[in-house]
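A.B. asks: below: sequence and its predicted model.
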Amino acid sequence: MKKYLIWLGSLSVLLVSVTGGLILWSQLAEDEFAYRQVQTIAPRTDNSLLDFYPHISKVQRPEETFSFPIDIGQIGPTHSLYSGPNQYPFFCMTLDSGLGQPQLDNQLGHGVAVYDQDNKVIGYSKDCGVKTKLEYYTIDNNLDPKPLTLSQAKTFSGPLFRVERGSINRFIYTLVMPISNQEVGDRKAQSQWNKRLIYQFNGGSGIGYRQGRQNAWKVMQRQANQLLDGYAVISSSGNKTSYTYNMLLAEDTARRVKKQFTSLYGEPLYTVGIGGSGGGLAQYLIAQNSTGILDGLIPLYSYPDMITQTTYALDCDLLNNYFTFRADNRKAWRDWERRRLIEGMNAINDFPQRAGFLQPLNQLMAGFVPSFPDGNSECINGYFGLSAFINNPKQGFLRQFFAKPVVEQTNWSYWQDMQHVFGTDEQGFGRSTWDNVGVQYGLNALIDGKITFDEFIDINTHIGAWKAQKEMHQEHIVTPFGTQIPLWLSLWGSDNITETEQSAAPRHHGDLQAMEAAYRSGQVFIGKVDLPIIDARHYLENELDMHHMSASFYSRLRINKANGHSNNHVIWVAHKDHDPTSQAFAMMDQWLLNIKDRSPMGIQAAKPSRLKDTCFNEDGSVYAAGENVFDGQWNNKPEGACQSRFPMYSTSRIEAGAPWAGDLFKCALMDVDTAVQQGLYGDKVAPDDIAALKRIFPHGVCDYSKPDVGRPTNI
């Protein structure tokens, strides 16, 4: 039987037989055996083989090769099962997690130093392994976890929990099991467990290169109520997006952490995910891409995924830079509600900025009349600094963890963290999906008559794009007053934004190979999930928090598109002073226990009749519930009661005419004459305005009636 070695991006190897069978094969550096098994190597650039590149959800995962459970005093696997090679450099954080030094694994100077009792270096740890250990905790009346010694635990009469910690896939894992004091010392005892399992995911913005911190206290504190109700809880620093957004690695890690649990305690009645922000989108993607890990999802403050969020999030500093430095009439944009017309996300006049002093400082340095900002936006309050952290390979906010030679040799960005998925360019930089070619910023405001054609032309002439990664350099940040008050002297990443040339500031072409790999590897939420979902969030639009309400509805639209319905998807929005999490667990418990048939229809039929889209008042009472309560612009329906009570906002791309689902990397283009003929700008467009549009958009403008250019046709 002939087999082909095919790359999924450059992440993992698919062995594809001529009969169409698929298995996912881990690409480890030492696994030369896999290469010797291959008779014909198919180059990744061979377009004739594209039909062999399935979505990751269609690919069978390999059998486990590690013998679980990990014994007490032993170290878990240091290589992932199927998510690709280990990333280096990799900073160990076992000390930060209260687990002592990592285990020595080399004498070559790779990784962090390991010391003896005399503080002398005895070797190094590059893979950050720690020996599995048991600890004991209680939870007090204030819902605070408290550690207990072994002798204290044996006689303790209150709530008692056995906590196991160690390392799997180089990340710190935690298992928490309710027990009685008679079970102290018995690793497998579980008499207080209600047979329900929670997998805790956590959020944050990360670019890889470190193990991450996980403390038992924090894991338990987040689920204190559920632990007291008898749930078991498991988690891993590899499932906290502060440390990586590689969702295949996150899946691989979650699968193994759950395997450690079930090897000790058997299968639970069900496993439900919980977690906010990045911990919410991780649930969406793991549920879409795989089976056997989660049975139900409770994403909090969620986005559909990380990567399509970057599409509009990376517009923020471009727009901030335009409003602050490049606009022909900067005074006009000091009305922050006008900025909302372009940015989409909320902006509020007279809302204070924590670092507002940076604006006049940078304006003075640029030769402008300085002005203090008299308002704020989600783009600033929520996403300040994100473009430098996520997109700039030279910034390296993690540099304090590493030696200077390592810092200089490493490209520090989200794209680099994903290089084994998206691939690298000729200069070795991780390929980027971000694209703004043809994007007409402020198009909706122009159509609605809220900005003039001159303003529309000015925005799109000067907004520009992020420079190619090879042209980027570190931001100018100085700390004369200490790191708590940094002075950002290249505000909004201004030095890394393309300059206005004779016609217009050039736009950025995203990498099509990266886009296709993002889709195929399951980094994009395309809505193909049938599991029960309660998507819950506080309403934080008036706080200018980055967790905007509309993101729940991007997920809803994608599920509708993929499945033809969203009957398995419930959205809850609560006043910020009411926490509906315990209610969500109670309703999810009913839903999962009702399931008799695990088919999509069976899951829908099992949903409790009173579980509906709902918005909650400050006191927890229901303001409105039902099928249409969130209707609004996002689905082109009259405004529902919850939408009226908790209005949502949009994004820069939606305000540029893109679909609300937000699942589009690169738009198809149409020439300006066609756009004018279609009436995109109204009935009459002056010849000078047409000429200006052609100058700004030589390749054409976005045609959103067509699908994403970056999406593979078979996905």
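C.D. replies: Perfect, I can see it now. Numbers count the residues shown, from 1 in each chain.

A.B. asks: so which bits of the biggest helix by length in the chain are buried?
C.D. replies: Counting residues, the longest helix found in the chain (DSSP state H) is helix 247-265. Of the residues in helix 247-265, 247-261, 264-265 count as buried by neighbour count, 16 or more other Cβ atoms under 10 Å. Heads up, the C-betas are built off the backbone N, CA and C, glycines and all.

A.B. asks: what of stretch 698-711?
C.D. replies: Across stretch 698-711, burial judged by 16+ other Cβ under 10 Å covers 700, 701, 702, 703, 704, 708, 709, 710, 711.

A.B. asks: grab the nearest non-local neighbour of residue 675.
C.D. replies: Spatial nearest neighbour of residue 675, chain neighbours left out: residue 701 (5.2 Å); criterion: Cβ to Cβ, 6 or more residues apart in numbering.

A.B. asks: sheet partners, orientation included, of the next helix-or-strand element following the longest helix of the chain?
C.D. replies: Using DSSP states H and E, the helix or strand that follows helix 247-265 towards the C-terminus is strand 270-276. Here strand 270-276 is paired, per DSSP bridges, with strand 196-202 (parallel), strand 296-300 (parallel).

A.B. asks: list every C-alpha atom in the shortest one, with coordinates, as PDB.
C.D. replies: Below are the C-alpha coordinates for strand 296-300, written out as PDB (Å, rounded to 0.1, in the frame of the first residue of the first chain):
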ATOM      1  CA  GLY A 296     -20.700  20.000  27.200                       C
ATOM      2  CA  LEU A 297     -19.400  23.500  27.100                       C
ATOM      3  CA  ILE A 298     -19.800  26.600  29.300                       C
ATOM      4  CA  PRO A 299     -17.700  29.200  27.500                       C
ATOM      5  CA  LEU A 300     -17.600  32.500  29.400                       C
END
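
A.B. asks: helix or strand right after that strand?
C.D. replies: The helix or strand immediately downstream of strand 296-300 is helix 307-313, counting by DSSP H and E.

A.B. asks: by contact count, what packs against that next one?
C.D. replies: If contacts are counted by 3 or more Cβ pairs under 8 Å, 6 or more residues apart in numbering; DSSP states H and E, helix 307-313 sits against helix 386-391.

A.B. asks: now the helix it packs on, how far from the chain's geometric center?
C.D. replies: Computed by Cα atoms, centre = their mean, to the nearest Å, the chain-centroid distance of helix 386-391 equals 13 Å.

A.B. asks: which other helices and strands contact it?
C.D. replies: Applying 3+ Cβ pairs under 8 Å, 6+ apart, we find helix 386-391 packed against helix 307-313, helix 316-321, helix 414-417.

A.B. asks: and residue 649, which of those is closest to it?
C.D. replies: Of all the helices and strands packed on helix 386-391, the one in closest proximity to residue 649, counting by Cβ to Cβ, is helix 307-313 (11.4 Å).

A.B. asks: now that closest one - C-alpha only, CSV.
C.D. replies: Taking Å, rounded to 0.1, in the frame of the first residue of the first chain, the C-alpha atoms of helix 307-313 are listed here in CSV:
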residue,chain,number,x,y,z
ILE,A,307,-7.2,34.0,14.9
THR,A,308,-10.2,35.6,13.4
GLN,A,309,-10.3,38.0,16.4
THR,A,310,-6.8,39.3,15.3
THR,A,311,-8.4,40.4,12.0
TYR,A,312,-10.1,43.3,13.6
ALA,A,313,-8.1,43.6,16.8
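
A.B. asks: what's the helix or strand for the residue nearest to residue 89 when sequence neighbours are not counted?
C.D. replies: What sits nearest to residue 89 in space, not counting adjacent residues and going by Cβ to Cβ, 6+ apart, is residue 406, at 5.1 Å. Applying DSSP H and E as the criterion places residue 406 in helix 404-409.

A.B. asks: tabulate the CA atom coordinates of that helix in CSV.
C.D. replies: C-alpha atoms of helix 404-409 as CSV (Å, rounded to 0.1, in the frame of the first residue of the first chain):
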residue,chain,number,x,y,z
LYS,A,404,20.2,38.0,25.5
PRO,A,405,21.4,35.6,22.8
VAL,A,406,18.2,33.7,22.9
VAL,A,407,16.2,36.9,22.8
GLU,A,408,18.0,38.0,19.7
GLN,A,409,17.6,34.7,17.9
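
A.B. asks: and the helices in the stretch 1-150 of the chain?
C.D. replies: For the stretch 1-150 of the chain, the helices defined by DSSP state H, counting those that start in this stretch occupy 32-36, 150-155.

A.B. asks: lowest-confidence stretch among the ones you listed?
C.D. replies: Note on these: helix 32-36 shows the lowest mean pLDDT, a mean of 27.

A.B. asks: mind listing the helices for the stretch 601-715 of the chain?
C.D. replies: Under the criterion DSSP H, counting those that start in this stretch, helices of the stretch 601-715 of the chain are mapped to 641-645, 672-677, 687-696.

A.B. asks: now render these as CSV, adding mean neighbour count.
C.D. replies: Shown next, in CSV, are the helices of the stretch 601-715 of the chain (neighbours: other Cβ atoms under 10 Å):
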stretch, mean neighbour count
helix 641-645, 20
helix 672-677, 16
helix 687-696, 16
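
A.B. asks: got CSV for these, with mean pLDDT too?
C.D. replies: Below are the helices of the stretch 601-715 of the chain laid out as CSV (pLDDT from 0 to 100):
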stretch, mean pLDDT
helix 641-645, 98
helix 672-677, 97
helix 687-696, 96
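
A.B. asks: now those in TSV, with distance to residue 311?
C.D. replies: Listed next are the helices of the stretch 601-715 of the chain as TSV, based on distance: least, Cβ to Cβ, whole Å:
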stretch	distance to residue 311
helix 641-645	24
helix 672-677	21
helix 687-696	20
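
A.B. asks: list every C-alpha atom in the helix or strand hosting residue 177, with coordinates, as CSV.
C.D. replies: If you go by DSSP H and E, residue 177 is part of strand 171-179. Below are the C-alpha coordinates for strand 171-179, written out as CSV (Å, rounded to 0.1, in the frame of the first residue of the first chain):
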residue,chain,number,x,y,z
PHE,A,171,2.8,21.8,31.1
ILE,A,172,1.7,21.7,34.8
TYR,A,173,-1.5,19.6,35.3
THR,A,174,-3.8,19.5,38.3
LEU,A,175,-6.4,16.9,39.4
VAL,A,176,-8.8,17.7,42.3
MET,A,177,-10.9,15.0,43.8
PRO,A,178,-13.3,15.3,46.8
ILE,A,179,-12.6,12.7,49.4
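
A.B. asks: tilt between it and helix 247-265?
C.D. replies: Angular relation of strand 171-179 and helix 247-265 on a 0 to 180 degree scale: 30 degrees, by axes from the mean of the first three to the mean of the last three Cα atoms, to 10 degrees.

A.B. asks: give me the buried positions along strand 171-179.
C.D. replies: Buried residues in strand 171-179, defined by neighbour count with 16+ other Cβ under 10 Å: 171, 172, 173, 174, 175, 176, 177, 178, 179.

A.B. asks: how about residue 624, what does it touch?
C.D. replies: Contacts for residue 624 (Cβ atoms under 8 Å, 6 or more residues apart in numbering) come out as 614, 615, 640, 641, 642, 645.
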